[in-house]
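Colleague: model this:
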Amino acid sequence: MASSSSTDRATPSHSGSQQTWIPQQVNTPPQYLGRKTLPIKRADAESLTREDLQYDLLYFIFADPTQAFVDSMAPGKPLVNFCDLYVNALFNSNKCSKVLKDKMVDTPEFAIEFAKIALLTNVGRINTTMAFFPEMKTALRSYHPVPSLQKSDGNLQDAPRIKNCLKAALLPFEFKTTPPATPADIREKARNGQIPPTSVVNLIFVLSNASHALQLAQLHFEPPVEFLDLFLPINLSSVSRAKAFLWLIFHYLSEPDAPNPFDDDWSRQNPGKVPRMQSISREEMLRENQDPPEEVEWGRRMSSMRSKFLKELVDEMEADNRRKKSAAAAPQPSPYSTPGFSGMFQNVPRRSRSHRPAVSTAEGSRGSSYGHEYVSTHQPPVSHQPPVQQPVPHPGVPESATSERTMLEHAWHVANNIDPLEDSDTEADEHVRLDYNRRLRILSRLRGKDPTPPPTQQAGSSTGTSASTQYQMQSQFHTAAQNAPSSSSSEPKGKLRQVTWE
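Modeller: The predicted model follows:
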């Protein structure tokens, strides 16, 4: 790229009526002397000024009305100016989304603004770490408002999407074969009659390649100027740099023998050289690319919006982290608890169970188990929990004569007063029978028909009596269980006993 050993202000010299140009007077800012510093470097939420973009250069490139380029993507392959050629190339890219295409059609101003930011991405001034909408959350990119190119209220998206759109902006035949990768390959296709030899986007990628910088500088520029210097803030006028850029685009996309409409006297006298670029003073450089006050204010407002968004995002992330930590520290609910009645049993004290030996005595039958009434020589541990408060019945009124319990009340009574390890025969009161009848009616409704009828009496039966109903069978079962003879009166309570039926 252009560099200078002198920091003196460049002044054009004249020889007769023709302006001459001293190459040493081209000054490149120190931050752009290295190839790796070509992209614009700005902090997050910092605006890209007109000087960063070289807005005047972009204006003269896209405002040039010369219709000299063949648009092979349009019907009839008409001649168009550079603005239409470049916008149509982006529009016909396979990576251009439908939303973006609709916006480009509905708002032509947005299409030109998007094309300008895409051209800067095309040459490498906008790298893939930049984004242009303030609600971006990823830390891999930085947000930058672009006041001069965001006047149409359109989403310029971010640099990676723009880069993907550019890479897919090829001519139809280039999808089947490899596009030309060097300036010599492009000129060779043009000599063979293939016009245009490649897409305008691919041509700019080739011209911006660092491996071709020296070759292009020797062919088309006076040292020390290179192709990428056209897009840097150097002391060459914007209008002359725009004309040199358009000259190069026509030179490689058109027929080799076709007259270049961007020629001047210098380029005609020196075939293969770009038109003469005019050196300007420091004061003249400052008069170019000036930011209007309304654009400066808009950039500040968008930067403030970005800062507010980042603060809210950080606060939200911290709140999420606190909620996750509190949820991890909270006790996990039991999978067997019922959500509707989980709070009902929180204050009910648990009944302590006495220690039961693991080995049963010889008096128990096989499968015997010990309940909470097992008499043992060992003293059970004293429970420190408060005793369960038993319901007090009304004086003089038996419990069975009180009002009927609902299913919920009976379930509450069982949970508070009945030990599941105790023999169920001692709990067969009217409330239990009523609960069984209700459960049976519910099962009958779910089943869709009445309970199974009793079997008919068979001839020659030894009993000589008819079978009872299901309710009677249940009552006989309880009666038989109560009247069954016990094996020994000295047996401890709480054991399961084997019942013999006569």
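
Colleague: F309 is in what secondary structure piece?
Modeller: Assessed by DSSP states H and E, F309 sits inside helix 293-329.

Colleague: Ok, A213 next?
Modeller: Following DSSP H and E, one finds A213 within helix 213-220.

Colleague: What residues sit buried inside that helix?
Modeller: Under the neighbour-count criterion of 16 or more other CB atoms under 10 Å, helix 213-220 has 213, 216-217, 220 buried. For every residue, glycine as well, the C-beta is placed using N, CA and C.

Colleague: what does that helix contact?
Modeller: For helix 213-220, contacts defined as CB atoms under 8 Å, 6 or more residues apart in numbering pick out 1, 183, 207, 223-228, 248, 251, 272-274.

Colleague: same thing with stretch 44-52?
Modeller: Under the criterion CB under 8 Å, 6+ apart, residues 40, 42, 56, 134, 142-148, 233, 289-291, 295-296, 299-300, 302-303, 306-307 lie in contact with stretch 44-52.

Colleague: before we move on, the earlier item: buried stuff in the helix holding F309?
Modeller: Residues of helix 293-329 classed as buried by neighbour count (16+ other CB under 10 Å): 295, 298-299, 302-303, 306, 309-310.

Colleague: Same question for stretch 190-205.
Modeller: 190, 196-205.

Colleague: and what of stretch 38-52?
Modeller: Residues of stretch 38-52 classed as buried by neighbour count (16+ other CB under 10 Å): 38-40, 44-50, 52.

Colleague: Closest to E404 out of the buried residues of helix 213-220?
Modeller: Relative to E404, the closest of the buried residues of helix 213-220 is A213; by CB to CB it sits at 98.5 Å.

Colleague: And the closest one, how far from I195?
Modeller: Remark: distance between A213 and I195 (CB to CB, to the nearest Å) = 26 Å.

Colleague: K324 too?
Modeller: Applying CB to CB, the value for K324 to I195 is 63 Å.

Colleague: cool, and M407?
Modeller: Using CB to CB, M407 is found at 90 Å from I195.

Colleague: again with A118
Modeller: 24 Å.

Colleague: what does V314 give?
Modeller: For V314, the distance to I195 equals 55 Å [CB to CB].

Colleague: V225 too?
Modeller: 28 Å.

Colleague: Quick check on V70: phi, psi?
Modeller: phi -80, psi 120 (degrees, to the nearest 10).

Colleague: so who does it touch?
Modeller: Residues near V70 by CB under 8 Å, 6+ apart: 77-79, 195-196, 253-254.

Colleague: how about 7 Å then?
Modeller: Shown here is V70, whose contacts under the criterion CB atoms under 7 Å, 6 or more residues apart in numbering are 77, 79, 195-196.

Colleague: same check, this time on D71
Modeller: D71 makes contact with 77-78, 80, 84-85, 88, according to CB under 7 Å, 6+ apart.

Colleague: Same check on M277?
Modeller: Contacts for M277 (CB under 7 Å, 6+ apart) come out as 236, 240-241, 244.

Colleague: Same question for A159.
Modeller: Taking CB under 7 Å, 6+ apart, we find A159 in contact with 121, 126-131.

Colleague: Recalculate using a threshold of 8 Å.
Modeller: Counting by CB under 8 Å, 6+ apart, A159 touches 121, 126-131, 141.

Colleague: Narrow these to just the buried residues.
Modeller: Among the contacts of A159, those scoring as buried are 121, 126-128, 130-131, 141 (criterion: 16+ other CB under 10 Å).

Colleague: Now do stretch 71-81, average pLDDT.
Modeller: The pLDDT scores in stretch 71-81 average 91.

Colleague: Can you list the buried residues in it?
Modeller: By neighbour count with 16+ other CB under 10 Å, stretch 71-81 contains the buried residues 71-73, 80-81.

Colleague: Residue ranges in the stretch 1-150 of the chain under the pLDDT threshold?
Modeller: Along the stretch 1-150 of the chain, the model assigns pLDDT under 70 to residues 1-37, 139.

Colleague: And the strands in it, which stretches?
Modeller: 13-15, 18-20, 69-70, 79-80, 130-131, 142-143 (DSSP state E, counting those that start in this stretch).

Colleague: before we move on, back to that, out of the buried residues of stretch 71-81, which is nearest to A319?
Modeller: For the buried residues of stretch 71-81, the nearest to A319 is M73 (50.9 Å; CB to CB).

Colleague: For F91, see how far away the closest one is.
Modeller: For M73 relative to F91 (CB to CB), the value is 8 Å.

Colleague: Would you work out how far apart the start and end of stretch 196-205 are?
Modeller: Here the two ends of stretch 196-205 are set 16 Å apart, with distance taken as CA to CA, to the nearest Å.

Colleague: sorry, that was for stretch 76-95
Modeller: By CA to CA, the extent of stretch 76-95 from end to end equals 24 Å.

Colleague: Contacts for it, please.
Modeller: Under the contact criterion CB under 8 Å, 6+ apart, stretch 76-95 has outside partners 61-71, 73-74, 96, 101, 104, 111-112, 114-115, 118-119, 161, 164-169, 199-201, 246, 249.

Colleague: same thing with stretch 174-185?
Modeller: Contact with stretch 174-185 is made by 170, 186, 188-189, 197-199, 202, 206-207, 212, 215-216, 219, 252, as judged by CB under 8 Å, 6+ apart.

Colleague: Which single one of these is nearest to D429?
Modeller: Lowest distance from D429 to the contacts of stretch 174-185 (CB to CB) belongs to L170, with 89.6 Å.

Colleague: shouldn't that closest one be in contact with N202?
Modeller: Yes - at 6.3 Å, L170 counts as touching N202 under the criterion of CB atoms under 8 Å.

Colleague: what pLDDT does V397 get?
Modeller: On pLDDT, V397 comes in at 43.

Colleague: The one 4 residues further on too?
Modeller: At A401, the model reports a pLDDT of 45.

Colleague: Likewise for H410?
Modeller: For H410, the model assigns a pLDDT of 80.

Colleague: Throw the buried residues of helix 213-220 into TSV and include distance to D320, thanks.
Modeller: Formatted as TSV, the buried residues of helix 213-220 follow (distance: CB to CB, whole Å):
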residue	distance to D320
A213	49
L216	53
A217	54
H220	57
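
Colleague: Mind picking the two most distant members of the residues you listed?
Modeller: Maximum pairwise distance in the buried residues of helix 213-220, criterion CB to CB, is 11.2 Å, between A213 and H220.

Colleague: Can you get me the start-to-end distance on stretch 142-150?
Modeller: In stretch 142-150, first residue to last residue: 17 Å (CA to CA).

Colleague: likewise stretch 91-104?
Modeller: Stretch 91-104: ends 8 Å apart by CA to CA.

Colleague: Same question for stretch 204-211.
Modeller: Stretch 204-211 has an end-to-end distance of 13 Å (CA to CA).

Colleague: any idea of the mean pLDDT in that stretch?
Modeller: Stretch 204-211 shows a mean pLDDT of 93.

Colleague: and what of stretch 151-159?
Modeller: On average, stretch 151-159 scores 79.

Colleague: now swap in stretch 189-196 and tell me
Modeller: 91.

Colleague: burial of L236, as a residue count?
Modeller: Residues within reach of L236, counting by other CB atoms under 10 Å, total 25.

Colleague: should've said D84
Modeller: For D84, the count of nearby residues is 18 (other CB under 10 Å).

Colleague: ok, it to T66 distance?
Modeller: Distance, D84 to T66, using CB to CB: 11 Å.

Colleague: same deal with L170?
Modeller: 24 Å.

Colleague: Tell me the one among the buried residues of helix 213-220 nearest to I442.
Modeller: Taking CB to CB as the measure, I442 lies nearest A213 of the buried residues of helix 213-220, at 87.9 Å.

Colleague: How much space separates that closest one from V225?
Modeller: 11 Å.

Colleague: that older thread, neighbour count: L170 and T66, which is higher?
Modeller: Of the pair L170 and T66, L170 is the one with more neighbours under other CB under 10 Å, namely 18 against 14.
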